[in-house]
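A.B. asks: Sharing a model that was predicted from the sequence below.
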Amino acid sequence: MKQVDVEQLKKVFASLPENPRVLVSGNFGTPRELLALFDSVVPEYTLHMLNAQRGIPDRPGVTYETAFVGVGMRGSQRLNYVPSRLSLLPVMLRDELAPDVVLIHTSEPRFDTVSLGIEVNILPAAIESAREHGGLVVAQANPNMPYTYGDSQIYENEIDFLFTYEEPLSVHTPVPISDIAANIGSKIAELVSSGSTLQLGIGSVPDAVVERMGDRKDLRIWTEMFSDGVLNLEKIGALDTEIPITASFIFGSQELYGWLNLNRRVRMLRTEKTNDPSLIAKQAKMTSINAALQVDLLDQANASRVRDKIYSGFGGSTDFIVGSLHSRGGKSFMTLPSWHAKSDTSKIVPMISEGVTSFQHSFVVTEQGIAQCFGNSEADQAKNLLNHAAHPRAKDQLLAAAKKMGL
């Protein structure tokens, strides 16, 4: 590893092959200064990021590539969406989408390592692929990045160049939990017992579930990502202290980032592990909580497409749904409001037309109630969705459609 300044780094980037593929820390761990420096030197390139946020380079010459579309890439005419379960994306990076350059956001060096901090995810696989194919790995070391343990620890000999630059990390500002989200969260919480393992994302429904977990004991966390709700569970003694908190990326408050730093309670693992359905299935009473845009009477969910265009992607939901159903005592919850206020339409529909993201859930939960799906015939699934999850305004139409579909 060679430590470099701005001018040295510009020369490195200027020597890259024409139109390289650059993979950059995504979600909320983007090294913004390093990416901006790269963009100022390289005229044309393919930018591969997961869940890219606002503020990334957006100009002719920059082609976006991702398996999960974030707000920073959503709707772009220069977007190449690559369908993939998150657990399989590292395979693509190894065999089909090998990066020429990997830009990572790390802690400052500690002994002979740096840490990927709050964003591990696909980065270890990307680093390995770049090195195998003769690519470069460049790190932006940031004093504000917490040092986390596990697969987040990267040895100096895995990095070609290190550039030190201090910038603030993105922080999550919680929004008030809506009445609908609180209602859904309360219904889910009633079915989650002590000793369960939770997959929690970011959003009002997971927040609402966590708020109602205060009287549970020995909860475990095996999740793709988590936020401050997990810290709150730790504070009140609801977590099993003998089992590490396992995740692949994190987004939260400055307090959460401070708690993460050098905290061996938290184990940050690469995507191939956190999202491996066989490993998820081994967790005690694995409970996954995911959100959909629509669910149909066959218990098929669309969580990725709007008006026939990609909105997000499969992400990790498919991995966790399958893993949870294989776990002894596991449950998979698919959540959504029953009614779309802006379009004034039902979110429980006769048949998904946008593209199916997942199917076969334990329960579909709306503010109207809980529809049990797993273990039921397709007719009973439809009946439960209609009677317990659908909005009252949609029931007559859904009943007529169910009869027409032979349900």
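C.D. replies: Everything's here; your move. What you see is a predicted model, and the numbers here were worked out from it, not measured in a lab.
A.B. asks: Let me know the next secondary structure element after the helix or strand in which His105 is found.
C.D. replies: Here His105 sits within strand 101-106, counting by DSSP states H and E. Per DSSP H and E, strand 101-106 leads on to strand 113-115 as the next helix or strand towards the C-terminus.
A.B. asks: End to end on stretch 211-219, go ahead and measure it.
C.D. replies: Using C-alpha to C-alpha, to the nearest Å, the end-to-end distance of stretch 211-219 comes out at 13 Å.
A.B. asks: buried sites along it?
C.D. replies: By 16 or more other C-beta atoms under 10 Å, the buried positions in stretch 211-219 come out as Glu211, Arg212, Met213, Arg216, Asp218, Leu219. Placement of C-beta: from N, CA and C, glycine included.
A.B. asks: Could you do stretch 94-102 as well?
C.D. replies: Going by neighbour count (16+ other C-beta under 10 Å), the buried part of stretch 94-102 is Leu97, Ala98, Pro99, Asp100, Val101, Val102.
A.B. asks: now it, how far from the chain's geometric center?
C.D. replies: 21 Å (C-alpha atoms, centre = their mean, to the nearest Å).
A.B. asks: Could you chop the chain up by domain?
C.D. replies: Using automatic domain parsing, the domain ranges for the chain come out as 2-164, 179-404.
A.B. asks: now those as JSON lines including distance to Thr173?
C.D. replies: As requested, the domains of the chain are exported to JSON lines (distance: least, C-beta to C-beta, whole Å):
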{"stretch": "domain 2-164", "distance to Thr173": "12"}
{"stretch": "domain 179-404", "distance to Thr173": "8"}
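A.B. asks: nearest to Val171, of these?
C.D. replies: domain 179-404 (5.7 Å; C-beta to C-beta).
A.B. asks: so Ser324 is in which element?
C.D. replies: Per DSSP H and E: Ser324 is located in helix 317-326.
A.B. asks: Which elements pack onto that helix?
C.D. replies: Here helix 317-326 touches helix 277-281, strand 286-291, strand 331-335, strand 358-359, going by 3 or more C-beta pairs under 8 Å, 6 or more residues apart in numbering; DSSP states H and E.
A.B. asks: List just the one of the ones you listed that sits closest to Phe161.
C.D. replies: The closest of the helices and strands packed on helix 317-326 to Phe161 is helix 277-281. By C-beta to C-beta, the value is 33.7 Å.
A.B. asks: Identify all contacting residues around that closest one.
C.D. replies: 87, 199, 222, 273, 286, 288, 319-320, 322-324, 326-327, 330 (C-beta atoms under 8 Å, 6 or more residues apart in numbering).
A.B. asks: ok, now which ones touch Trp259?
C.D. replies: Taking C-beta under 8 Å, 6+ apart, we find Trp259 in contact with Leu231.
A.B. asks: if we can go back for a sec, redo the buried residues of stretch 211-219 as a markdown table? Include pLDDT and distance to Ser278.
C.D. replies: Listed next are the buried residues of stretch 211-219 as a markdown table, based on pLDDT from 0 to 100; distance: C-beta to C-beta, whole Å:
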| residue | pLDDT | distance to Ser278 |
| --- | --- | --- |
| Glu211 | 90 | 31 |
| Arg212 | 92 | 30 |
| Met213 | 92 | 26 |
| Arg216 | 95 | 26 |
| Asp218 | 97 | 23 |
| Leu219 | 97 | 22 |
